[in-house]
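Asks: Sequence first, predicted model second:
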Amino acid sequence: MTVYLDYNGTTPVDQAVRESMLPYLGEHYGNPSSSHWAGKEAREAVEHSRRQVAALLGGSPEEIVFTSGGSESDNLALQGIVFANWRPGQPSPHIVTSMVEHPAVDNCCSFLESLGVRITRLAVDRHGRLTPEQVAAAMTDETLLVSLMLANNETGVVFPLAEIAEVTRARGVLLHTDAVQAVGKMPVDVQSLGVDLLSISGHKFYAPKGIGALWIRSGVSVAPLIHGGGQEQGRRSGTEAVAGIVGLGKAASLLTDRQPEEMQRLAKLRHYCEASLTSELQGVTIHGAVAERLTNTTSFSVPGVDGESLRVHLELQGIAVSAGSACSSGNGKGSRVLGAMGIPYAIAQSSLRISLGRWTTIDEIDTFVEILKNVSTSLQAISPLY
């Protein structure tokens, strides 16, 4: 038996999504930019998906730009805003972000920093939280953009974006959010959040890898990163990946229909899982436990055990979990997120992340906890740290 508890890493493609894509890998092969019948079929499919994604996010179809995924969406948002607004000879623009952003935002900020853009990375508290007051205090007259994730990929901690939007709007500063981990796990409505740009990635909510989108509020100017044929209203050139776009639209429509029920089910499962962890294993720490979190995510540490060793031993018994972000696993540097939260190194090094999804069952949770208990006990018995 195998158990998959890494839905924040990626999700399986929903069968309904896969079936929606198949015609666009076969008989519907047209280029959506072509004006003949084959192109028109493809164009209609792309625009239908655009309406489905817009409906999920509470935006308008013309505000959706299809991309290759979350990283491209984040880079288009940050670099696109800077390049659209910064001219030679002008003072260096300023961006406010946090110390716990996904590498897609953090490394993009480092790149912009190398070009002369000033970056302020806000600290979080021990529970992974930050406040609108911190954002207000960090902004200057040169602040062009605030970029903060909606929900953390490792801990699931949710930032108060709607309150932060009130602060940025009062100062005339644009607000971008990386909502890659949030979509499908909590309500995400661009109007309620008050953001100006929002990134999503299809493979985090049961669409295929290689497709995502950036929502850009009407009137916000973003310079393209890819120049060419002027697709996506000139904001992202390149022939549209029709099959992936159709899959993204289908996945969005499934969420629109199922999300409230699914969130409730996942919340109950996670509560059961965390209760089992704390009752069956001594000294387990749940990171961000007192903060508002995604209903599917748990980051925890087992005392005296190296998290990567624990992950490997679980994998040998068919359990798929993560020792942190899937995008930075295996770098040997430990969790940057937990470090930013002030978690002592020894505890951060003993952390695992589990993330539940559409097909997680209570039997799988029981299997995971039982195997984890046995593996932890064995590793603690030979650990000099325990």
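Replies: The structure has been received and is ready for your questions. Numbers count the residues shown, from 1 in each chain.
Asks: what residues are up against residue 178?
Replies: By CB atoms under 8 Å, 6 or more residues apart in numbering, the residues touching residue 178 are 70, 73, 74, 101, 102, 104, 105, 147, 148, 149, 150, 199. The C-beta positions use only the backbone N, C-alpha and C, and glycine is treated the same way.
Asks: and residue 12, that's in a strand?
Replies: No: secondary structure of residue 12 (DSSP: H, G, I helix; E, B strand; the rest coil): coil, not part of a strand.
Asks: any low-confidence regions in this structure?
Replies: Along the chain, segments meeting pLDDT under 70 span 324-333.
Asks: ranges for the strands of it?
Replies: Secondary structure of the chain (DSSP state E): strands located at 3-4, 64-67, 94-98, 118-122, 143-147, 174-178, 197-201, 212-216, 285-286, 297-301, 319-320, 351-355.
Asks: Same list (those) but as TSV, adding distance to residue 276.
Replies: Shown next, in TSV, are the strands of the chain (distance: least, CB to CB, whole Å):
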stretch	distance to residue 276
strand 3-4	14
strand 64-67	39
strand 94-98	31
strand 118-122	34
strand 143-147	37
strand 174-178	31
strand 197-201	30
strand 212-216	34
strand 285-286	12
strand 297-301	11
strand 319-320	14
strand 351-355	11
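Asks: neighbours of residue 107, just the number please.
Replies: 14 (other CB atoms under 10 Å).
Asks: mind listing the helices in the stretch 51-200 of the chain by residue range?
Replies: 70-85, 103-114, 132-138, 161-170, 190-193 (DSSP state H, counting those that start in this stretch).
Asks: buried residues in the longest one?
Replies: What it means is helix 70-85. Buried residues in helix 70-85, counted by 16 or more other CB atoms under 10 Å: 70-83.
Asks: residue contacts, the spatially closest residue to residue 155 that is not a sequence neighbour?
Replies: Of all residues not flanking residue 155 in the chain, residue 288 sits nearest, at 4.1 Å (CB to CB, 6 or more residues apart in numbering). Shown in contact with residue 288 (CB under 8 Å, 6+ apart): 127, 128, 152, 155, 156, 157, 299, 341.
Asks: any idea which of those residues is closest to residue 231?
Replies: residue 152 (32.7 Å; CB to CB).
Asks: Endpoint to endpoint, stretch 154-174 covers what distance?
Replies: Start-to-end span of stretch 154-174 (CA to CA, to the nearest Å) is 26 Å.
Asks: just stretch 271-288 next, same as before
Replies: First-to-last residue span, stretch 271-288, CA to CA: 14 Å.
Asks: how about it: buried residues?
Replies: 273, 274, 276, 277, 281, 284, 285, 287, 288.
Asks: what do you get for stretch 373-380?
Replies: 373, 375, 376, 379, 380.
Asks: Show me which of the contacts of residue 178 is closest to residue 37.
Replies: Using CB to CB, the contacts of residue 178 come closest to residue 37 at residue 73, 31.8 Å.
Asks: what's that closest one in contact with, if anything?
Replies: By CB under 8 Å, 6+ apart, the neighbours of residue 73 are 65, 67, 178, 180, 199, 200, 201, 212, 213, 214.
Asks: As PDB, could you dump the C-alpha coordinates of stretch 250-269?
Replies: What follows is stretch 250-269, C-alpha atoms only, in PDB (Å, rounded to 0.1, in the frame of the first residue of the first chain):
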ATOM      1  CA  LYS A 250     -11.900  22.400 -16.100                       C
ATOM      2  CA  ALA A 251     -10.000  22.200 -12.800                       C
ATOM      3  CA  ALA A 252     -11.200  25.700 -11.900                       C
ATOM      4  CA  SER A 253     -14.800  24.800 -12.700                       C
ATOM      5  CA  LEU A 254     -14.600  21.700 -10.500                       C
ATOM      6  CA  LEU A 255     -13.300  23.800  -7.600                       C
ATOM      7  CA  THR A 256     -16.100  26.300  -8.100                       C
ATOM      8  CA  ASP A 257     -18.600  23.400  -7.700                       C
ATOM      9  CA  ARG A 258     -16.900  21.400  -4.900                       C
ATOM     10  CA  GLN A 259     -14.700  23.700  -2.800                       C
ATOM     11  CA  PRO A 260     -16.900  24.300   0.300                       C
ATOM     12  CA  GLU A 261     -17.600  20.600   0.800                       C
ATOM     13  CA  GLU A 262     -14.000  19.700   0.200                       C
ATOM     14  CA  MET A 263     -12.600  22.300   2.600                       C
ATOM     15  CA  GLN A 264     -14.800  20.900   5.400                       C
ATOM     16  CA  ARG A 265     -13.800  17.400   4.700                       C
ATOM     17  CA  LEU A 266     -10.100  18.300   4.700                       C
ATOM     18  CA  ALA A 267     -10.400  20.300   7.900                       C
ATOM     19  CA  LYS A 268     -11.800  17.300   9.700                       C
ATOM     20  CA  LEU A 269      -9.100  15.000   8.300                       C
END
